[in-house]
Each structure stands twice: as structure tokens, then as C-alpha cells.
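# Make a model of this:
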Amino acid sequence: MIQRILVALLVLATVFAGVPAPVAAADQAEQCSFPMTVTDATGTEVNISEDPSRIVTTNPSAAQTMWEIGAKDEVVGVSQYAMYLDGANEKTNVSGSSGLNVEAVIGLEPDLVLVPNTSYTAEPDRVEQLREAGLAVVVFETGDSLDAVANKTERIGKLTGNCEAGEKRADEMRTSIENMERALEDAERPVGLNAFFGYTSGANTFISDVMVTGGLRNGAAEANITGFAQINDELVVDMDPEYIVIPSHAPRPSSPAYNSTTAMKEGNVIVVDANKLQQPAPRAIEASETIMKAVHPDAYERYLELQNESAATTEAPQTTETPATEAPETTEQTTETGAPGFGAVVSLVALAGVALLARLR
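Residues are numbered from 1 along each chain as shown. Okay, the predicted model is just below:
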């Protein structure tokens with residue numbers, strides 16, 4: 001339990017610790033072609049000389065993305081909290097007792113290192129050591145939506161030479177989001193509250209978008225909470241959420257304030273797999289689905305129908321020939337926004353728990 005609390009507090013340490021300012025990711029390659037030069041969240045130009053075949057992911061969201069685009073065989077190193085992924089135990093664990101194990105990463109001789117913002121924020125010096133060793137390291141920006149996750153999925157496909165798979169998985173996410181919106185068009189959205197270890201997810205957070213996509217209003221955002229922050233009992237009572245969403249690794253809230261809410265009185269506590277709710281990776285769609293099924297069961301059934309229709313349309317053979325005319329030039333948007341930025345309350349928390357940061361993305 002102590003470790004879990006440290007994890008939750010450390011997760012909150014990243015926003016105030018100085019998340020890199022978003023920088024337009026200048027991926028000039030609209031096709032999968034190498035060498036490729038990109039600009040990452042730190043403003044660093046990164047040259048990827050050839051199609052990477054040895055990739056290290058420094059936290060579980062990047063690893064999950066590689067698994068979801070069918071590229072797990074290209075991954076040679078993962079963090080300790082990515083071990084839930086099928087086959088991850090066969091990869092080298094690059095987590096050390098106090099954070100990222102720089103020596104282990106360098107020893108793997110990777111062609112590319114994928115670094116979500118939480119890893120960089122917690123350990124910028126270690127990331128710089130990887131760069132000084134001559135490794136190609138791409139740091140991702142902070143994201144605040146499922147759309148951002150789809151964009152990141154597509155971009156990781158490009159960076160790793162898996163363009164088609166990245167685009168396909170990203171499009172699947174976008175279709176799911178659209179179908180949820182369609183299914184919920186006429187639904188009345190109750191107030192929900194994300195709660196974990198005394199903290200909540202406010203406006204401009206990835207988890208807030210997961211909740212809203214699933215058919216809730218985010219009470220914390222409506223109470224003018226931005227980012228990830230502590231929530232006091234008075235606000236919980238005043239908000240009186242109808243649903244409480246908690247990650248699977250967190251305890252069920254049990255204070256008098258929470259027990260007074262409609263959510264607790266009616267048993268409306270939605271427990272969501274933490275690896276889906278708190279990782280900005282493709283499986284986050286399943287977190288929204290879990291919420292939607294619990295809050296709007298009828299809309300959820302409609303959503304499944306729409307998903308089946310979309311799948312049938314996608315799988316249908318193309319019978320219309322494209323006219324032999326010159327296609328107009330298009331500019332592809334490749335700016336990517338990545339992992340969620342959980343914010344810190346005190347720097348001491350970050351120092352105490354830096355080794356645990358990677359678990360929550």
C-alpha cells in the first residue's frame with residue numbers, strides 16, 4: 001500500500017516538476033522512409049538513420065503502443081511496469097532501483113529509445129546521458145485527450161517503420177471515439193469524479209477526456225480544477241458525484257465525505273483497469289468503454305452496433321476504381337501529443353519516489 005501511495009504521489013510530481021513545453025513535432029517523412037529527422041518535445045532534432053529493429057521503451061505507455069501496432073518483436077527493453085504485457089518478461093528490464101537504468105539501455109545498443117514525458121520529467125539528466133552515448137532518443141509531449149493518444153500511436157508507427165500498422169490502430173481509435181459520440185448524442189451525462197489516493201483528474205487531462213468520452217461530466221473540471229490535484233472533502237460533498245471512477249490499483253474511497261455522495265449511496269463506483277485508465281496508449285479506449293457500459297448501458301449497446309457497422313464497412317472490398325487524375329497535394333499533420341502530465345505537489349515527493357514514477361506512465 002505504501003508503494004502504491006508513493007506511486008500515486010509521484011505521478012502527481014511530474015506536472016509541477018517542469019514538463020517540456022510542447023514543440024511542433026516536425027516529422028518531415030509523410031511516408032515510412034529513412035533516414036528520418038524529427039523534432040521532439042524538448043526541441044531536439046533527432047536523426048533516425050535507418051528503420052529501427054532494436055527499440056527501448058522507458059515506460060509502459062510506449063511499450064503498450066508498440067504491442068498494439070504489432071511491433072513487440074522490435075522491442076528489446078521495457079520498464080518494470082510494462083511486465084503485464086504478453087511476452088514482456090522476455091525483454092530486458094531497463095528499470096533500476098532508483099529509476100531508469102542508463103547502463104542497461106546503452107548495453108542493449110538500441111536503434112531508437114521512446115521516452116514519454118513522465119520519464120523525461122523525472123530524469124532529464126539520464127535521458128541526456130543516453131543522447132550523449134549517441135542513441136536516438138525521442139521524447140514525447142504531454143497529451144490531454146484520446147485524440148492525442150491516436151496521434152501518438154500513428155507517430156510511433158512512423159518512427160519505428162510501422163506506418164501502416166500505426167495508422168490502422170490510430171484510425172480504429174478515432175472510429176471508436178466517433179461511435180461513442182454518436183451513441184451518446186441524446187444522453188444526459190451525470191457528474192463523475194476520478195479518485196485515486198486523495199487526488200483527482202481535472203480539466204486538460206487525459207483521464208478527464210476518457211471519462212467524458214465514456215459519457216460522464218467531469219465534476220473536478222467543472223469545479224475549476226486543472227491538471228492532477230488533491231481534492232478536499234468539502235468539494236467532494238458539494239460536487240456530490242453520481243459516479244466515482246477509480247483505477248484498479250487504488251483503494252475505494254471510504255471517508256465520510258465520499259460516503260455521503262450519491263455515487264457511494266447507490267453503489268456507483270466504477271473500477272477500471274489501471275493499465276487502461278492511466279496509460280495514454282491505445283487500450284485507453286477500453287477504459288471509456290468500461291465507463292460507458294456502466295453509466296449508459298443502452299447507449300453502449302448502440303455503440304457496439306456502430307462498431308460492428310464500422311468494421312463491416314472497413315472489411316468490405318473496394319469495387320470503385322479511382323479516376324486516373326492527379327491527386328491534389330496534401331499536408332499531413334504529424335504533430336504528436338503524448339503521455340499525460342501528472343502534477344506534483346511538492347518536490348520532496350518526486351525525490352522520494354522517482355523509482356516508482358514509471359508505473360503510472
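# Can you tell me how far residue 306 is from residue 199?
With the distance defined as CB to CB, to the nearest Å, residue 306 ends up 34 Å from residue 199. Glycine gets a C-beta too; all of them are placed from N, C-alpha and C.
# helices or strands up against the helix or strand containing residue 148?
Taking DSSP states H and E as the criterion, the element that holds residue 148 is helix 146-159. Counting contacts by 3 or more CB pairs under 8 Å, 6 or more residues apart in numbering; DSSP states H and E, helix 146-159 is packed against strand 36-39, helix 60-68, strand 112-115, helix 163-183, helix 206-213, helix 284-295.
# Help me confirm that residue 170 comes into contact with residue 157.
Yes: the criterion here is CB atoms under 8 Å, and residue 170 meets it with residue 157 at 7.5 Å.
# Run a quick neighbour tally on residue 201.
Around residue 201 there are 29 other residues, counting by other CB atoms under 10 Å.
# now do residue 180
Counted with other CB under 10 Å, the neighbours of residue 180 add up to 26.
# Would you confirm that it contacts residue 213?
Yes: in this structure, residue 180 is within contact of residue 213 by CB under 8 Å, at 5.5 Å.
# any shared contact partners between the two?
Counting by CB atoms under 8 Å, 6 or more residues apart in numbering, the shared contacts of residue 180 and residue 213 are 288, 292.
# tell me the mean pLDDT over stretch 72-81?
The average pLDDT for stretch 72-81 rounds to 97.
# How about stretch 277-284?
Stretch 277-284 shows a mean pLDDT of 96.
# distance between it and the chain's centre?
Taking the mean of its C-alpha atoms, stretch 277-284 sits 4 Å from the chain's own mean (CA atoms, centre = their mean, to the nearest Å).
# Quote the end-to-end distance of that stretch.
For stretch 277-284, the first-to-last residue distance is 6 Å (CA to CA, to the nearest Å).
# residues making contact with that stretch?
Contacts of stretch 277-284 (CB under 8 Å, 6+ apart): 11, 60-62, 64-65, 68, 116, 143, 146, 148-150, 152-153, 169, 172-173, 206-207, 210, 245, 247-248, 275-276, 287, 338-340, 360-361.
# Next: stretch 185-193.
200, 211-212, 215-220, 222, 231, 236, 239-245, 263, 291, 295-296, 299.
# Of the residues you listed, which belong to helices?
Residues of the contacts of stretch 185-193 located in helices (DSSP state H): 211, 212, 219, 220, 222, 236, 239, 263, 291, 295, 299.
# Looking at these, which two lie furthest apart in space?
Using CB to CB, the ones in helices among the contacts of stretch 185-193 span at most 26.8 Å, a distance reached by 236 and 299.
# More neighbours: these two, which one.
The neighbour count for residue 236 versus residue 299, taken as other CB under 10 Å, is higher for residue 236 (27 against 20).
# Report how many residues lie close to residue 237.
Residues near residue 237, counting by other CB under 10 Å, number 13.
# make that residue 125, sorry
Residue 125 is flanked by 9 other residues according to other CB under 10 Å.
# what's the helix or strand it falls within packed up against?
Residue 125 belongs to helix 124-132 when assigned by DSSP H and E. In terms of contacts (3+ CB pairs under 8 Å, 6+ apart), helix 124-132 is packed against strand 99-100, helix 102-107, strand 137-139.
# Least reliable of those by average pLDDT, please.
strand 99-100 (a mean of 92).
# What pairs with that one, parallel or antiparallel?
Strand 99-100 sits in its sheet next to strand 95-96 (antiparallel), going by DSSP bridges.
# State the mean pLDDT of the strand it pairs with.
93.
# circling back: so for residue 89, which of the helices and strands packed on helix 146-159 sits nearest?
Smallest distance to residue 89 across the helices and strands packed on helix 146-159 (CB to CB): 12.1 Å, for helix 60-68.
# now the closest one: how far from the chain's centre is it?
Centroid separation for helix 60-68 versus its chain: 9 Å, with CA atoms, centre = their mean.
# Give me the residues contacting it.
Residues from elsewhere that reach helix 60-68, judged by CB under 8 Å, 6+ apart: 55, 57, 72, 74-75, 78-79, 81-82, 84-86, 88, 114-116, 140, 152-153, 156, 160, 169, 275, 279-283, 338-339, 358-359, 361.
# again, 6 Å this time
57, 72, 75, 78, 81-82, 85, 114, 116, 153, 156, 169, 279-282, 339, 361 (CB atoms under 6 Å, 6 or more residues apart in numbering).
# Next SSE downstream of that helix?
Under the assignment DSSP H and E, the closest C-terminal helix or strand after helix 60-68 is strand 75-78.
# how about that following strand: buried residues?
Residues 75, 76, 77, 78 are the ones in strand 75-78 that count as buried (16 or more other CB atoms under 10 Å).
# and it, which strands flank it?
As defined by DSSP bridges, the strand partners of strand 75-78 come to strand 55-57 (parallel), strand 92-93 (parallel).
# okay, those strands, which one's buried deepest?
Across those, averaging neighbours per residue (mean count of other CB atoms under 10 Å) puts strand 55-57 on top, at a mean of 29.
# For that strand, the averaged confidence score.
For strand 55-57, the mean pLDDT works out to 98.
# what separates it from the chain centre, distance-wise?
16 Å.
# before we move on, back to that, would you mind putting the CA coordinates of the helix holding residue 125 into CSV?
The C-alpha coordinates for helix 124-132 follow below in CSV (Å, rounded to 0.1, in the frame of the first residue of the first chain):
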residue,chain,number,x,y,z
PRO,A,124,16.1,14.5,-17.7
ASP,A,125,19.8,14.0,-16.8
ARG,A,126,19.5,10.3,-17.5
VAL,A,127,17.8,10.9,-20.9
GLU,A,128,20.6,13.3,-21.8
GLN,A,129,23.2,10.6,-20.9
LEU,A,130,21.5,8.4,-23.5
ARG,A,131,21.9,11.1,-26.0
GLU,A,132,25.5,11.7,-25.1
